[in-house]
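*Asks:* Starting from these lines, generate the structure:
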Amino acid sequence: MRSAGAEVPRTDVPFKRDARLWILTATILGSSLAFIDGTVVNVALPAVQANFHATLVDVQWVVESYGLLLGALILVGGSLGDLFGRRLIFAIGVAIFALASAGCGAASNIHLLITARSIQGVGAALLVPGSLAIISSSFDEKSRGQAIGTWSGFTAITTAIGPVLGGWLVEHASWRWVFFINLPLAAAVIAISVWRIPESRSATAGRIDWFGALAATAGLGGLIVGFIESVNLGWRNPLVFGSLIIGVGCLVAFVFIEPSVNSPMLPLAMFESRSFSGTNLLTLFLYAAIGIFFFLFPLNLIQVQGYSATAAGAAVLPLILLMFLLSRWSGGLVSRYGPRGPLIIGPVIAALGFGLFAVPSVGDSYWKAFFPAMLVLGFGMAVTVAPLTTSVMNSVNEDRVGAASGINNAVARVAGVLAIAVFGIVMVKAFGFRLNHSLAHFSLQPGVLKEIRAEETKLAGLQVPSGVDPRSRAIINQSIGGAFIFGYRIVMLICGVLSLASAAVAWRMIPKSDDGLGPHPGSV
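*Replies:* As a prediction, this is how the structure comes out:
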């Protein structure tokens with residue numbers, strides 16, 4: 001999508017029509033590696049937590065280390081492809097992702113796993129923007145739309161299959177195979193890329209905004225470290241408030257750096273468009289809700305409701321399939337009504353879905369408790385996603401649609417990273433409050449209570465201390481499940497509020513005159 005502008009002639013592999021199938025195969029498989037990894041790992045988190053006796057903070061970092069580097073560097077990845085060659089950077093990204101996947105699967109402790117996940121995020125930041133850029137530069141205008149549609153359809157299918165396959169691997173093999181399975185796929189992608197994909201680059205590509213990338217990464221990293229570690233260390237700890245100060249300072253510096261460089265990774269002038277600012281603020285709110293939902297939902301199903309990893313992976317299929325099946329229909333809504341209506345109605349429906357997720361207790365049937373909520377949330381997201389993409393593209397001039405798409409993608413990923421860090425605090429505090437309140441009604445030994453309180457950050461992964469009699473063990477386990485559901489309900493209601501906030505943003509900031517057919521007068 002960042003391929004606007006003159007192209008350097010392809011010299012490595014002459015472009016032929018029969019190469020198109022290979023190009024689509026490589027880009028679909030490559031991008032699917034990153035897309036699937038974002039959902040499959042959540043299904044594996046309970047097994048990872050049990051294997052390493054990890055706390056919530058530890059499993060947060062397993063997710064956050066990947067999302068942080070991906071969100072902060074994805075714009076740089078697109079620029080590197082334009083400058084040095086899209087096929088080259090795409091293949092390098094896949095190779096880095098594969099090596100890091102091997103490191104994740106072989107990790108002997110939680111800290112090595114987190115380190116390998118960080119490297120995975122760097123690889124994903126190179127390959128994700130490269131996949132669409134290769135398609136855009138390899139297909140002419142007549143066939144490009146169909147090619148992108150094929151890419152979107154197949155990546156949606158692989159994303160749907162991913163959690164089920166990942167759950168099956170966790171259940172019947174090991175959580176490590178969730179990462180090892182990436183290796184043969186990555187090898188196939190690299191082989192096809194080298195032999196069949198023509199090289200391309202932009203003749204107008206500018207310099208890489210390394211200072212901006214460093215400031216953005218340090219800023220987001222400082223905030224994430226501060227929020228996550230506050231659960232264990234407290235807000236007064238030097239690491240916590242120091243990280244928060246550094247994070248805020250770097251983000252402020254980032255705002256000053258971007259206007260002063262020739263090729264900024266985030267052109268701030270684009271936010272002069274009210275519609276562009278509105279769609280990205282909407283994205284921030286809505287995808288923050290989606291991010292924390294997909295983090296907590298598998299923990300609820302596996303650790304509290306007693307689902308297998310395979311069943312937990314299959315539980316999200318209705319949402320993904322609805323988004324896939326209704327994408328063409330929701331795209332048609334834009335041409336008939338413009339994006340503003342769907343961007344108001346869709347998040348409101350999603351808010352209702354989050355509200356329904358706050359209803360179930362421990363032991364409720366999936367088909368009565370979770371399935372209807374999943375359908376409502378999936379329908380709300382299906383109504384929203386295509387109009388959101390259209391509104392982002394229409395809010396800027398044609399020569400900036402690649403940058404607009406990249407920025408919106410980065411905002412969505414950063415939203416999820418921030419949500420897991422911030423609302424993870426809410427979850428831990430609510431869990432601890434409810435658990436202590438519940439256990440206070442029973443006569444448990446002080447030593448047992450002290451040991452339980454020391455392990456509260458494990459949430460539903462908390463193990464009952466050894467030596468406790470069967471009756472007390474049952475009481476403690478019941479209290480743990482109830483405390484998790486208490487915190488989970490609070491977070492789901494917050495997700496509903498965030499969805500309503502995104503609808504309010506659309507109502508206030510998306511122009512009525514934007515009919516979805518082209519840039520409106522306020523675009524830049």
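*Asks:* who's in contact with the residue lying closest to A421 once chain neighbours are set aside?
*Replies:* Ranked by CB to CB, 6 or more residues apart in numbering and with sequence neighbours excluded, the top spatial neighbour of A421 is F227, at 3.9 Å. The way it works is simple: take the backbone N, C-alpha and C, and place the C-beta from them, glycine included. Applying CB atoms under 8 Å, 6 or more residues apart in numbering to F227 gives the contacts 244, 418, 421-422, 424-425.
*Asks:* Dump the C-alpha coordinates for stretch 463-480 into CSV.
*Replies:* What follows is stretch 463-480, C-alpha atoms only, in CSV (Å, rounded to 0.1, in the frame of the first residue of the first chain):
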residue,chain,number,x,y,z
GLN,A,463,-2.6,-22.6,42.8
VAL,A,464,-4.1,-23.5,46.1
PRO,A,465,-1.3,-23.9,48.7
SER,A,466,-0.3,-27.5,49.5
GLY,A,467,-1.5,-29.1,52.7
VAL,A,468,-5.0,-27.4,52.6
ASP,A,469,-7.9,-29.8,53.4
PRO,A,470,-10.3,-30.8,50.6
ARG,A,471,-13.1,-28.6,51.9
SER,A,472,-11.0,-25.5,52.1
ARG,A,473,-9.4,-26.3,48.8
ALA,A,474,-12.9,-26.3,47.2
ILE,A,475,-13.8,-23.0,48.8
ILE,A,476,-10.6,-21.3,47.7
ASN,A,477,-11.0,-22.6,44.1
GLN,A,478,-14.5,-21.4,44.0
SER,A,479,-13.4,-18.0,45.3
ILE,A,480,-10.7,-17.7,42.7
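*Asks:* Flag the shaky bits of this protein, pLDDT-wise.
*Replies:* Scanning the chain for pLDDT under 70 picks out the ranges 1-18, 141-142, 144-145, 149, 152-153, 202-206, 398-402, 513-524.
*Asks:* Give me the distance from stretch 412-427 to the chain's centre.
*Replies:* The chain centre lies 10 Å from the centre of stretch 412-427; the measure is CA atoms, centre = their mean, to the nearest Å.
*Asks:* actually stretch 122-141, sorry about that
*Replies:* For stretch 122-141, the distance to the chain centre is 18 Å (CA atoms, centre = their mean).
*Asks:* buried set for that stretch?
*Replies:* Within stretch 122-141, the residues that count as buried by 16 or more other CB atoms under 10 Å are 122-139.
*Asks:* now stretch 491-500
*Replies:* Within stretch 491-500, judged by 16+ other CB under 10 Å, the buried ones are 491-492, 494-496, 498-500.
*Asks:* for stretch 91-108, same thing?
*Replies:* Those would be 91-105, 107, for stretch 91-108 by 16+ other CB under 10 Å.
*Asks:* One more: stretch 300-312?
*Replies:* Within stretch 300-312, the residues that qualify as buried by neighbour count (16+ other CB under 10 Å) are 300-305, 307, 309-312.
*Asks:* In helices, which of the residues you listed appear?
*Replies:* Per DSSP state H, helices hold the following members of the buried residues of stretch 300-312: 309-312.
*Asks:* of those residues, closest to F154?
*Replies:* T310 (22.6 Å; CB to CB).
*Asks:* phi, psi of the residue nearest to that closest one when sequence neighbours are not counted?
*Replies:* Leaving aside its chain neighbours, T310 sits nearest to G167 (3.9 Å; criterion: CB to CB, 6+ apart). Main-chain torsions, G167, degrees, to the nearest 10: phi -60, psi -40.
*Asks:* what's the spacing between G167 and K458?
*Replies:* 21 Å (CB to CB, to the nearest Å).
*Asks:* Neighbour count for the two, which is higher?
*Replies:* G167 (27 against 22; other CB atoms under 10 Å).
*Asks:* these two touch, right, the more buried one and A311?
*Replies:* Yes. Using CB atoms under 8 Å, G167 makes contact with A311 at a distance of 7.1 Å.
*Asks:* ok, now which ones touch the residue nearest to T310?
*Replies:* Neighbours of G167 in contact, by CB under 8 Å, 6+ apart: 43, 308-314.
*Asks:* returning to that earlier point: sort out for me which of the contacts of F227 are in helices.
*Replies:* The members of the contacts of F227 that map onto helices under DSSP H are 244, 418, 421-422, 424-425.
*Asks:* I'd assumed S200 was in contact with S137.
*Replies:* Yes. The pair S137 and S200 qualifies as a contact (CB under 8 Å) at a distance of 4.1 Å.
*Asks:* can you pull out the helices in the stretch 351-500 of the chain?
*Replies:* Counting by DSSP state H, counting those that start in this stretch, the stretch 351-500 of the chain has helices at residues 371-394, 401-439, 446-454, 470-509.
*Asks:* The ones you listed: which one's closest to V57?
*Replies:* Taking CB to CB, helix 401-439 is the member of these nearest to V57, at 7.8 Å.
*Asks:* That closest one: which residues count as buried?
*Replies:* Buried residues in helix 401-439 (16+ other CB under 10 Å): 401-425, 427-428, 430-432, 434-435, 438-439.
*Asks:* Against which helices or strands is that helix packed?
*Replies:* Where contact means 3 or more CB pairs under 8 Å, 6 or more residues apart in numbering; DSSP states H and E, helix 401-439 is packed against helix 56-84, helix 110-138, helix 210-233, helix 274-299, helix 371-394, helix 446-454, helix 470-509.
*Asks:* any idea how far the nearest residue to G81 once chain neighbours are set aside is from W151?
*Replies:* Nearest residue to G81, sequence neighbours excluded (CB to CB, 6+ apart): I89, at 4.2 Å. According to CB to CB, I89 and W151 sit 18 Å apart.
*Asks:* next one: P318
*Replies:* Computed as CB to CB, the P318 to W151 distance reads 23 Å.
*Asks:* if we can go back for a sec, state the distance from the residue nearest to T310 to D82.
*Replies:* Taking CB to CB, one finds G167 at 38 Å from D82.
*Asks:* cool, F357 as well?
*Replies:* Taking CB to CB, one finds F357 at 41 Å from D82.
*Asks:* Give me the contacts around stretch 88-103.
*Replies:* 27, 30, 33-34, 77, 80-81, 112, 115-117, 119-120, 122-128, 130-131, 133-134, 179-180, 182-183, 186-187, 189-190, 193-194, 197, 199.
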